[in-house]
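Colleague: build me a model from this:
(chains A and B)
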Amino acid sequence: GDSVTQMEGPVTLSEEAFLTINCTYTATGYPSLFWYVQYPGEGLQLLLKATKADDKGSNKGFEATYRKETTSFHLEKGSVQVSDSAVYFCALSDTEYGNKLVFGAGTILRVKS
Amino acid sequence: ETGVTQSPTHLIKTRGQQVTLRCSSQSGHNTVSWYQQALGQGPQFIFQYYREEENGRGNFPPRFSGLQFPNYSSELNVNALELDDSALYLCASSLGQLFSGNTIYFGEGSWLTVV
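Modeller: Below is the predicted model of the structure:
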């Protein structure tokens, strides 16, 4: 079945550092791809999404490009802030069930001031 | 604020007991799905309801069951609780199916501890 693999964390960065969180996927069809963020004590929030190859999703300074040739959807931000500390989940929409999301294990990001 | 509310936020149950978790969808959303998130892991799909009918199920045993009501609110029921059922249970709602490009909105979850 479809699956998502994320880089293991925790990732610890200083404020204003560049962030990359790697995400690769396996899918039989052409899924939509998502990044969700979970702040401490809160539920999941959609950060950005891309629905087809070469699409770039962006939000709050974060961006990710749907790369079909490398089956990747890496999350990047040019300058992180302490407030970005959270758990980041990469996910895809399962190609069999239209509304089922398949998540990676999550990557903890810690930003130090 | 996603407009998806879940209750209770925390609860503790004993092994073998039954539990009901509730979810109120965002207004107008006719699709609700439930996910289990064990500590340190990503959410796992349990099942989905569309217009009051189950139309997708993950790899969970039949003791996990659900309902969707005419107002599109939903319940997740778990019978014969096991220690491994301890997790955060997330409800998510959307308008229609994902392949139509609609966004899924998650609630803050219900923390279940089984002792």
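
Colleague: quick check: closest non-adjacent residue to the spatially most central residue of chain B.
Modeller: Taking CA atoms, centre = their mean, the centroid of chain B lies closest to residue B:34, which sits 2.8 Å from it. Leaving out its chain neighbours, the residue that sits closest to residue B:34 by CB to CB, 6 or more residues apart in numbering or on different chains is residue B:46, at 4.3 Å. (C-beta placed from N, C-alpha, C; glycine too.)

Colleague: quick one: that neighbour and residue B:78 touch, right?
Modeller: No. At 9.4 Å, residue B:46 does not count as touching residue B:78 under the criterion of CB atoms under 8 Å.

Colleague: may I have the residues that are in contact with the residue nearest to the centre of chain B?
Modeller: By CB atoms under 8 Å, 6 or more residues apart in numbering or on different chains, the residues touching residue B:34 are B:23, B:45, B:46, B:47, B:48, B:66, B:74, B:76, B:89, B:90, B:91, B:92.

Colleague: swap in residue A:16?
Modeller: Residue A:16 touches A:79, A:80, A:81, counting by CB under 8 Å, 6+ apart.

Colleague: what's the neighbour count on residue 17?
Modeller: No chain in the question, so chain A it is. Here the number of neighbours of residue A:17 (other CB atoms under 10 Å in any protein chain shown) works out to 14.

Colleague: look at chain B instead
Modeller: Applying other CB under 10 Å, we find 13 residues neighbouring residue B:17.

Colleague: thought it was touching residue B:81?
Modeller: Yes. With contact defined as CB under 8 Å, residue B:17 reaches residue B:81; the gap is 5.2 Å.

Colleague: what's the helix or strand for residue B:20?
Modeller: Per DSSP states H and E, residue B:20 falls inside strand B:19-24.

Colleague: show me where chain A has strands.
Modeller: Ranges of strands within chain A are A:3-6, A:11-14, A:19-21, A:23-26, A:33-38, A:44-50, A:56-59, A:62-65, A:75-77, A:86-93, A:101-103, A:107-112, based on DSSP state E.

Colleague: these: which one's closest to residue B:57?
Modeller: Evaluated with CB to CB, the strands of chain A place strand A:101-103 nearest to residue B:57, the distance being 14.1 Å.

Colleague: anything in the closest one near chain B?
Modeller: Yes. With CB under 8 Å from any CB of the partner chain as the measure, strand A:101-103 is seen reaching chain B through A:101, A:102, A:103.

Colleague: quick one: low-confidence parts of the chain?
Modeller: With no chain named, the answer covers chain A. Applying pLDDT under 70 to chain A flags the ranges A:95-99.

Colleague: look at chain B instead
Modeller: In chain B, residues with pLDDT under 70: B:1, B:97-102.
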